[in-house]
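1. what follows is a predicted structure for the sequence shown.
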6 protein chains.
Amino acid sequence: MSQLVNDFNSYRSRMNDRIMETANTNIKRFFALDSTSYAEGALPVKTKELLGLVASMVLRCDDCIRYHLEKCHHEGVTHDEMNELFMIANLVGGSIVIPHYRRAVEYWDELNAGKL
Amino acid sequence: MSQLVNDFNSYRSRMNDRIMETANTNIKRFFALDSTSYAEGALPVKTKELLGLVASMVLRCDDCIRYHLEKCHHEGVTHDEMNELFMIANLVGGSIVIPHYRRAVEYWDELNAGKL
Amino acid sequence: MSQLVNDFNSYRSRMNDRIMETANTNIKRFFALDSTSYAEGALPVKTKELLGLVASMVLRCDDCIRYHLEKCHHEGVTHDEMNELFMIANLVGGSIVIPHYRRAVEYWDELNAGKL
Amino acid sequence: MSQLVNDFNSYRSRMNDRIMETANTNIKRFFALDSTSYAEGALPVKTKELLGLVASMVLRCDDCIRYHLEKCHHEGVTHDEMNELFMIANLVGGSIVIPHYRRAVEYWDELNAGKL
Amino acid sequence: MSQLVNDFNSYRSRMNDRIMETANTNIKRFFALDSTSYAEGALPVKTKELLGLVASMVLRCDDCIRYHLEKCHHEGVTHDEMNELFMIANLVGGSIVIPHYRRAVEYWDELNAGKL
Amino acid sequence: MSQLVNDFNSYRSRMNDRIMETANTNIKRFFALDSTSYAEGALPVKTKELLGLVASMVLRCDDCIRYHLEKCHHEGVTHDEMNELFMIANLVGGSIVIPHYRRAVEYWDELNAGKL
């Protein structure tokens, strides 16, 4: 698997473990909500991950973008679908989103290369 | 139809007309992109409107929220689907989104009352 | 009590009631977390309300500011303390915060007038 | 003069007076910096007001936008210049800026009508 | 002392020195305000640093977070107090704050390890 | 030329090429608008680049800042002019901008050293 994807995931895992060791009950509940909110429901997981991704892009959080790109990849989002989401993110968030869009394209490419 | 919905739409229409009278070519192209990006494509219109709505909520723009709520209503988004989107918006954007969520619930109620 | 304070509180109450009628379980849990996070703990309620207020000011949410101003007032925050918080909010958030600071001063005055 | 312009200016004046009565020294220094930073210097006042306006638009603060629109109007900014600034603001900040752009066009029209 | 803490502080120092060489008077005044606003006053230094930290977290600025974490550490903020602040930051700012929270936990650990 | 400037430009170029290979028509139109909006018009290129820079600073996007710094350098913006812009960015955006200002000073120095 790609170095970029690995590095992101291993840092994220390591620090999430540390958070579970040190956090108080409310923080743990907040993290639990963060999982259950993306579970299958009236909206399918795929749609929810697209929502998480577009929100992360307009708020310009690279780590959040990577996380949801990986989930979208897992849900089988196609290139054409992803490009339409990228357009909405750039449009709503503005050209200030473009540097994050560049890094998203790079990460998306890595995820898709890794799939082979 | 509800006063709240009417007031929003008539101000929006009036100022969009004024913009079309006064704006330069680039601004008109930007507005054109704003329409075509939400058109049916690899992603259905309904999904795109959900994306526009969640982006508007985390960026905390009441007028944008109202606009996309109306489009979502038109696309037949159900209460359960809307609540799952509201949860993701509140979660990703934080409690700072709550006042906008309150106004979104009010507007969503008006739209649904108007449907009867 | 002041009209400004009353109007804010009655709209907030009415819509929170409506949310409790319509929201799903996750949203209710999120609202519950929003209450318990400000409860007395290792940090006193007063400090937590100051934290909530400064966060609301730099994120420029008038309703959130009003809510925490009222809590701070209830916790006995003095004018000098409030001015030092206002300064940090203006400094960290920048002059873009000033219009919200103006409205915060107005609301703070109403709260203090109401106390008499 | 227009009601919209009058209302904005009279509230702003009244609350700035109240701030000068109640604020501490640091806040007063911050307000002083807010004036001197827009004074004629290596960059002309007109350019600085354009900078203040575009910053206010991408940060989506209606009151800040109104304030700088009035200054730009006073500095003789033309419609064509203003439209080019509006385009940069919409482009950089994204479609989330559009509702603020609508209100900016309305205010700019009022300022220019008032000039007659 | 930790590499992470050292690297942050040495870059910050070096660039602040360069700023003092090149900046104009207004910028120097702004930096002076940035110091005096956190001085002991009606609110104790510890409370002010907590305010600076929560504001930095909801605005998602890693360098600002590190700076205030170090000050909080110096003021003797305990783990339980810090976790309550982290909760408020995550709650108000939303899950988009989580990647910054991860890095804050890492830095806080480094500061506390360095204390031994 | 400086390593910092080179690295930024080569990553940016490489990913923009990849975007042109993969993007849909709307995204390409959005990128085209991003170019034409900064072209000479009623406002000179230099003023537009200053607008792009100040917007990038208050929105705190390091890559966008670097891009516009380079354009400003090319347009002959002087140190005194740049410092006045930096002041407005720090003032409007607040002390949260300072870490980006530090990196902007470093990049500006590199650009000016490279000019020799």
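-> Received, thanks.

2. CA atoms for contacts and neighbours, from now on please.
-> OK.

3. which strands and helices lie in contact with the strand or helix carrying residue A:55?
-> Using DSSP states H and E, residue A:55 sits within helix A:45-58. Applying 3 or more CA pairs under 8 Å, 6 or more residues apart in numbering or on different chains; DSSP states H and E, one finds that helix A:45-58 contacts helix A:62-74, helix A:79-93, helix B:45-58, helix B:79-93.

4. again, only using 10 Å
-> Under the contact definition 3 or more CA pairs under 10 Å, 6 or more residues apart in numbering or on different chains; DSSP states H and E, helix A:45-58 sits against helix A:62-74, helix A:79-93, helix A:98-115, helix B:45-58, helix B:79-93.

5. worst mean pLDDT among the ones you listed?
-> Looking over the helices and strands packed on helix A:45-58, mean pLDDT reaches its minimum on helix A:98-115, with a mean of 94.

6. roughly how far out does the helix holding residue A:55 sit from the chain middle?
-> Remark: helix A:45-58 is offset 7 Å from the chain centroid, using CA atoms, centre = their mean, to the nearest Å.

7. would you put the C-alpha positions of it in PDB?
-> The C-alpha coordinates for helix A:45-58 follow below in PDB (Å, rounded to 0.1, in the frame of the first residue of the first chain):
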ATOM      1  CA  VAL A  45     -23.300   4.700   4.100                       C
ATOM      2  CA  LYS A  46     -22.000   5.800   0.700                       C
ATOM      3  CA  THR A  47     -24.100   9.000   0.800                       C
ATOM      4  CA  LYS A  48     -23.100   9.700   4.300                       C
ATOM      5  CA  GLU A  49     -19.400   9.400   3.400                       C
ATOM      6  CA  LEU A  50     -19.900  11.800   0.500                       C
ATOM      7  CA  LEU A  51     -21.500  14.200   3.000                       C
ATOM      8  CA  GLY A  52     -18.600  13.800   5.400                       C
ATOM      9  CA  LEU A  53     -16.100  14.400   2.500                       C
ATOM     10  CA  VAL A  54     -17.800  17.500   1.100                       C
ATOM     11  CA  ALA A  55     -18.000  19.000   4.600                       C
ATOM     12  CA  SER A  56     -14.400  18.300   5.200                       C
ATOM     13  CA  MET A  57     -13.400  19.900   1.900                       C
ATOM     14  CA  VAL A  58     -15.200  23.100   2.400                       C
END
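
8. before we move on, back to that, export the helices and strands packed on helix A:45-58 to JSON lines and tack on mean neighbour count?
-> Formatted as JSON lines, the helices and strands packed on helix A:45-58 follow (neighbours: other CA atoms under 10 Å in any protein chain shown):
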{"stretch": "helix A:62-74", "mean neighbour count": "20"}
{"stretch": "helix A:79-93", "mean neighbour count": "24"}
{"stretch": "helix A:98-115", "mean neighbour count": "17"}
{"stretch": "helix B:45-58", "mean neighbour count": "25"}
{"stretch": "helix B:79-93", "mean neighbour count": "24"}
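
9. what residue is smack in the middle of chain A?
-> residue A:68 (1.7 Å; CA atoms, centre = their mean).

10. just give the nearest non-adjacent residue to it, would you?
-> residue A:53 (5.2 Å; CA to CA, 6 or more residues apart in numbering or on different chains).

11. how about the contacts made by the one you found?
-> Contacts for residue A:53 (CA atoms under 10 Å, 6 or more residues apart in numbering or on different chains) come out as A:47, A:59, A:61, A:64-72, A:82, A:85-86, A:89, B:51, B:55.

12. swap in residue A:104?
-> Neighbour list for residue A:104: A:57, A:62, A:63, A:65, A:66, A:69, A:86, A:98, A:110, F:15 [criterion: CA under 10 Å, 6+ apart].

13. of those, closest to chain C?
-> residue A:57 (18.2 Å; CA to the nearest CA).
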